[in-house]
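A.B. asks: Quick check, what structure comes out for this input:
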Amino acid sequence: MLAATAGSGISFAQDQVPNDPIVAAQSLLADPVSPNGSRIVSSEIDGQYLTLQVHSAAMDEDITVRVQRPRDASAPRPVLYLVNGAGGGTDAATWWANTDVGDFLKTQDVNVVMPIGGAFSYYTDWKREDPNLGLNKWQTFFLEELPPLVDAALGTNGVQAIAANSMTATAVLQYAIAEPGFYSAAAGYSGCAQTSDPIGKEFVKLVVETWGGGDVRNMYGEDDDPAWVENDPVVNAEGLRGTKLFISDATGLPGPHETLGNEFTVVEPDANFEDQALALANQVVVGGVIEAAVHWCTTNLQNRLNELDIPATFDLQPRGTHSWGYWQDAFYQSWPLLADALGLPPTQ
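C.D. replies: This next block holds a predicted model:
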């Protein structure tokens, strides 16, 4: 049984990890600088948990990066970049707050790295700064700026994989295409891979403009700009060859996690019955519509990969909405693939 107590998240209590040289010294292992001048400007160490402030030269901004150290850090370990969805971890909708995935990974020999920021940005490199969403160069951050800092400061073994849900599940495929072999595996849960067809563009505009208040023209340009096609993982799926892939979604129909009082429905801790009912209705209606659209996108990606004879693991559930209970389920389904790509046993 992989999962721990559902929804418990991560406790930032001071843990005893005497085999971790970072904890023992209360200091990172190095003070590296990325080729473009990005660097770690500060760090806080709280047992197994680190909070880094990483200055991104591309965005000219300090980015908060949360780290969970391996169960046993006496030897160099791999890295799992675990990425939040549309809110970029700036809101309450995070892996650590809404699932028990952090508790599970706490028992594994892997560094978990989670950048915070970039809400509604699609974690891509934008053409220009946006008045509402700012300057976004997230692909540069994930591929060029952050990894060399993480590897040196944490003493990793250089092996890395990435997993993400919702909006950022598109980005992880873009990253794998942009730098083939950079990640040993990429897992995307409920993401819409295609961006350049009319439906894919509308999905992007829903996230960036309707929810985020940004302007997609600052991201990829006008609708006929080549950047839309250049960043479409379905069109450019050949670049995914050689990366272990796990892709999941559901149909949008209500499933086992659509129940009143379900621990995965996002509500305030003191929510009353009416608030819980409204949150559940939103999960069923809005989450159902979004997941149905995602299912259409994912089926197209599956067909494209089949045409190219590129192997991938697809977990397509007959019921389920765009919500955390299904993403936790999907993570555990993907863990054997991720663990294998990271050189870890499926369970410890």
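A.B. asks: Assess the claim that residue 308 and residue 241 are in contact.
C.D. replies: Yes. The criterion here is CB atoms under 8 Å, and residue 308 meets it with residue 241 at 7.2 Å. Any C-beta I mention is one placed from the backbone N, CA and C, and that applies to glycine too.
A.B. asks: Have a look at these two and say which one is more surrounded.
C.D. replies: Per other CB atoms under 10 Å, whichever of residue 308 and residue 241 has more neighbours is residue 241, with 15 against 12.
A.B. asks: For that one, which non-adjacent residue is spatially closest?
C.D. replies: Spatial nearest neighbour of residue 241, chain neighbours left out: residue 310 (5.0 Å); criterion: CB to CB, 6 or more residues apart in numbering.
A.B. asks: Run a quick neighbour tally on the one you found.
C.D. replies: 16.
A.B. asks: That one: what's it in contact with?
C.D. replies: Residues near residue 310 by CB atoms under 8 Å, 6 or more residues apart in numbering: 237-238, 240-241, 245.
A.B. asks: What ranges does this protein have for its helices?
C.D. replies: 21-25, 95-98, 101-105, 138-140, 146-154, 167-178, 198-205, 216-219, 227-230, 273-308, 324-342 (DSSP state H).
A.B. asks: out of those helices, nearest to residue 39?
C.D. replies: When those are compared by CB to CB, helix 146-154 sits nearest residue 39, at 6.7 Å.
A.B. asks: what is residue 112 paired to in the beta sheet?
C.D. replies: Beta-bridge pairing for residue 112 (DSSP bridges): residue 68, residue 80.
A.B. asks: pLDDT at it, what is it?
C.D. replies: We note a pLDDT of 98 for residue 112 in this prediction.
A.B. asks: Count residues in the vicinity of it, would you?
C.D. replies: 24.
A.B. asks: list the contacts for it?
C.D. replies: With contacts defined as CB under 8 Å, 6+ apart, residue 112 is in contact with 67-68, 79-80, 82, 102, 105.
A.B. asks: so which two of those residues are the farthest from each other?
C.D. replies: The span of the contacts of residue 112, defined through CB to CB, is set by 79 and 102 at 15.0 Å.
A.B. asks: Which of the helices and strands in this structure ranks last by mean pLDDT?
C.D. replies: Scoring the helices and strands of the chain by mean pLDDT, DSSP states H and E places helix 273-308 at the bottom, with a mean of 80.
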